[in-house]
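S.K.: Turn this into a structure:
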Amino acid sequence: MIIQIFQLYVVKTLPETNSISEEFLQGRAAINIWRSLVLLLSFIPLIYTFLIICSHNLKYNFALTIYAFLGLFMFCFLEITIRSIELFYTQLILPSSYLQATNLNEKKVLLDNYSAFQSVQYALYFPLMLTQAIGSIILSIIFSNRQKVNLLLKTAFALNAIRLAGRLIGMFLHINWFDSFSGSLYLPSIIIIYGLITVWLIKVKDEDVTGCINGAQHAVLQ
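M.R.: Down below sits the predicted model:
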């Protein structure tokens, strides 16, 4: 949540660009590099968070919980891949090469590489959001109701599935009304969803984790 707020601050702070070359070179700004770095690193503890969440449900529905985790893991894996290329290639390597280029043809090739990355990034957002949506739908349905606090988690993943469905419809079916899920509704929905997950992580009983992990190990051994 903090990183998403910081990302919005960076977007609002950086001056507007009037051309693709200005946008391209803006990527090497120090605050933009910090934005990309913290965003990239954030997905590593997020994988651990999803693992902890799923470990609580393994003993109640082992197979579907594993499928849900794989969907959430794939989302994190694709994000780490995209953010790594964005940071180390399009923000650190390409702009430096562009500034050192001695003729217009070299600069055009570098700008074309940047545009190609943007196109690939846009295309990868389909499997990225779809796998996360599938994982969220599964957990919102099959997560155990044994503790009342689990309703927070089920609500969070149900809202996340709705958010992702809205983004997919807006981005790939080009229905303008759903663009708000990638625009004005993006940060508020992130805060609500991950706020609910945070409250769940604080309130859930620790002893249940051990029991669920032991149950999972027993199921694997069988």
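
S.K.: what residue ranges in the chain score low on pLDDT?
M.R.: 206-222 (pLDDT under 70).

S.K.: How about the longest helix seen in the chain, which residues are buried there?
M.R.: Criterion DSSP state H: the longest helix present in the chain is helix 104-142. By neighbour count on 16 or more other Cβ atoms under 10 Å, the buried set for helix 104-142 is 107, 110-111, 113-114, 117, 121, 125, 128-140, 142. Placement of C-beta: from N, CA and C, glycine included.

S.K.: Are there helices or strands packed against that helix, and which ones?
M.R.: helix 20-26, helix 30-55, helix 62-85, helix 94-100, helix 150-172 (3 or more Cβ pairs under 8 Å, 6 or more residues apart in numbering; DSSP states H and E).

S.K.: could you say what helices and strands the last one packs with?
M.R.: Which is helix 150-172. Here helix 150-172 touches helix 104-142, helix 186-203, going by 3+ Cβ pairs under 8 Å, 6+ apart.

S.K.: and those as a markdown table, adding distance to Leu37?
M.R.: Listed next are the helices and strands packed on helix 150-172 as a markdown table, based on distance: least, Cβ to Cβ, whole Å:
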| stretch | distance to Leu37 |
| --- | --- |
| helix 104-142 | 17 |
| helix 186-203 | 19 |
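
S.K.: which residues does Glu86 contact?
M.R.: Gly27, Ser36, Phe117, Gln121 (Cβ atoms under 8 Å, 6 or more residues apart in numbering).

S.K.: what's the angle between the longest helix of the chain and helix 186-203?
M.R.: Interaxial angle of helix 104-142 relative to helix 186-203 (axes from the mean of the first three to the mean of the last three Cα atoms, to 10 degrees): 50 degrees.

S.K.: what's the angle between helix 104-142 and helix 150-172?
M.R.: 140 degrees.

S.K.: Show me how far helix 104-142 is from its chain's centre.
M.R.: Chain-centre distance of helix 104-142: 11 Å, with Cα atoms, centre = their mean, to the nearest Å.

S.K.: what does stretch 99-114 give?
M.R.: With Cα atoms, centre = their mean, you get 31 Å for stretch 99-114.

S.K.: contacts for that stretch?
M.R.: Against stretch 99-114 from outside (Cβ under 8 Å, 6+ apart): Ile20, Ser21, Phe24, Leu25, Thr90, Leu94, Ser97, Tyr98.

S.K.: Buried subset of the residues you listed, written for ChimeraX?
M.R.: Of those, the buried ones can be selected in ChimeraX as follows, counting by 16+ other Cβ under 10 Å:
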select :21,24,25,90,94,98
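
S.K.: Of all pairs in the contacts of stretch 99-114, which one is the farthest apart?
M.R.: For the contacts of stretch 99-114, the maximum inter-member distance is 15.7 Å, found between Ile20 and Ser97 (Cβ to Cβ).

S.K.: sorry, back to before: tabulate the contacts of stretch 99-114 in CSV, adding columns for distance to Gly183.
M.R.: Listed next are the contacts of stretch 99-114 as CSV, based on distance: Cβ to Cβ, whole Å:
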residue, distance to Gly183
Ile20, 21
Ser21, 25
Phe24, 23
Leu25, 25
Thr90, 23
Leu94, 27
Ser97, 33
Tyr98, 30
